[in-house]
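1. coordinates only, no sequence provided:
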């Protein structure tokens with residue numbers, strides 16, 4: 001999302017061309033390769049209208065990100081209070097930390113764009129530097145969130161399918177190591193982008209200042225490396241994680257329904273004095289018989305989190321596929337404006353998903369609810385009110 005400027009317009013969202021110093025991080029206005037895009041790019045949305053649309057989306061996204069920052073800060077505080085004796089607390093804490101970081105990176109990008117729009121002098125090129133210090137990391141951290149969600153879903157699948165072995169397979173130490181591996185393989189590759197692009201100090205004669213900017217490295221190795229790692233880390237990894245979450249969620253939903261059906265068939269038999277061992281084996285599996293109420297509530301909570309993640313991540317997957325299929329759908333192609341607007345809209349799913357998780361925890365996890373109420377002193381206030389009455 002690196003915006004260019006029309007000449008003589010200093011109030012546009014786009015940084016002036018003289019600041020770009022032949023840098024490709026901007027929306028080009030040359031649609032000669034596809035004349036039909038003249039209507040889409042210039043006829044439907046003028047520069048002023050495009051600014052209004054982007055500004056509206058930025059302000060809405062920032063409101064959502066503020067909620068995500070507050071919500072995930074509270075989640076982290078509650079999980080720290082609960083401790084990490086349970087593997088699920090470790091994975092959910094990692095998820096909250098990633099959601100919090102995503103919201104902070106998104107806020108950093110929005111802040112730079114708004115400062116640029118309001119003509120605030122910055123010691124760096126807002127849009128371009130944001131790319132290397134926020135946008136690229138945001139994309140890869142979204143993949144980290146996807147893989148952590150996949151791990152949580154897979155963990156609950158093991159709880160349902162092999163309940164007797166789950167505690168030996170999923171331990172606090174193993175979960176902690178798994179979180180580190182996921183972060184290492186999904187988020188850390190974002191820093192490889194510095195092989196393809198680098199920071200430089202450039203002089204701006206119009207402002208008579210030297211500012212920090214970015215330029216691409218044009219070596220064949222850097223270009224090839226960028227293509228390979230973007231396809232692997234930016235497309236294949238998140239789509240694979242999404243598929244795992246989807247499959248595990250379906251399995252959990254199916255298994256929960258089988259457990260509910262088994263319990264419904266068991267209750268009448270129990271009332272009639274029939275011993276559990278006399279119930280036909282076909283009506284229940286060993287896994288169904290062993291799962292308890294507490295584990296079932298946790299599974300339902302994970303299913304809810306995964307379902308919200310799936311709904312919010314579907315547009316991202318579609319966007320990733322479109323970027324690969326359509327050559328012009330990128331920041332430098334003939335569909336640049338469409339890419340920016342759709343990218344902003346699609347990216348709203350992540351902070352929305354991160355904001356509502358705290359509501360799910362509070363509603364479906366009794367320990368989290370109790371710790372949260374103690375953290376914000378709701379229980380103490382209620383106790384004092386009852387004492388006054």
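-> Cool, got the structure. From a predicted model like this one, the values you see are computed outputs, not experimental measurements. Numbering: from 1, shown residues only.

2. residue contacts, residue 71?
-> 354-358 (C-beta atoms under 8 Å, 6 or more residues apart in numbering). Quick note: C-beta positions are derived from backbone N, CA and C, even for glycine.

3. checking my notes, it in a helix, right?
-> Yes. Counting by DSSP: H, G, I helix; E, B strand; the rest coil, residue 71 is located in a helix.

4. just to revisit the earlier point, make TSV out of the contacts of residue 71 and add secondary structure and pLDDT.
-> Below are those laid out as TSV (DSSP: H, G, I helix; E, B strand; the rest coil; pLDDT from 0 to 100):
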residue	secondary structure	pLDDT
354	helix	87
355	helix	89
356	helix	91
357	helix	91
358	helix	92
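
5. just give me the closest of those to residue 227.
-> The closest of the contacts of residue 71 to residue 227 turns out to be residue 354 (C-beta to C-beta; 30.2 Å).

6. count of neighbours near the nearest residue to that closest one once chain neighbours are set aside?
-> Distances taken as C-beta to C-beta, 6 or more residues apart in numbering put residue 99 closest to residue 354, at 3.3 Å, once the chain neighbours are dropped. Burial of residue 99 is recorded as 27 neighbouring residues (other C-beta atoms under 10 Å).

7. same check, this time on residue 77
-> Other residues within reach of residue 77 by the criterion other C-beta under 10 Å amount to 15.

8. also residue 241?
-> So residue 241, with other C-beta under 10 Å, has 25 neighbours.

9. and it, what element?
-> helix 237-271 (DSSP states H and E).

10. quick one on the thing from earlier: counting neighbours, which of the contacts of residue 71 comes out on top?
-> residue 354 leads the contacts of residue 71 on contacts (other C-beta under 10 Å) with 29 neighbours.

11. if we can go back for a sec, which other helices and strands does the helix holding residue 241 contact?
-> helix 136-161, helix 286-290, helix 293-325 (3 or more C-beta pairs under 8 Å, 6 or more residues apart in numbering; DSSP states H and E).

12. go with 6 Å
-> In this structure, helix 237-271 makes packing contacts with helix 136-161, helix 293-325, judged by 3 or more C-beta pairs under 6 Å, 6 or more residues apart in numbering; DSSP states H and E.

13. could you give the average pLDDT over the shortest one?
-> Taken as a whole, helix 136-161 has an average pLDDT of 86.

14. next, the angle helix 293-325 makes with it.
-> Between helix 136-161 and helix 293-325, the angle comes out at 140 degrees (axes from the mean of the first three to the mean of the last three C-alpha atoms, to 10 degrees).

15. run the chain-centre distance for helix 136-161.
-> Offset of helix 136-161 from its chain centre (C-alpha atoms, centre = their mean, to the nearest Å): 10 Å.
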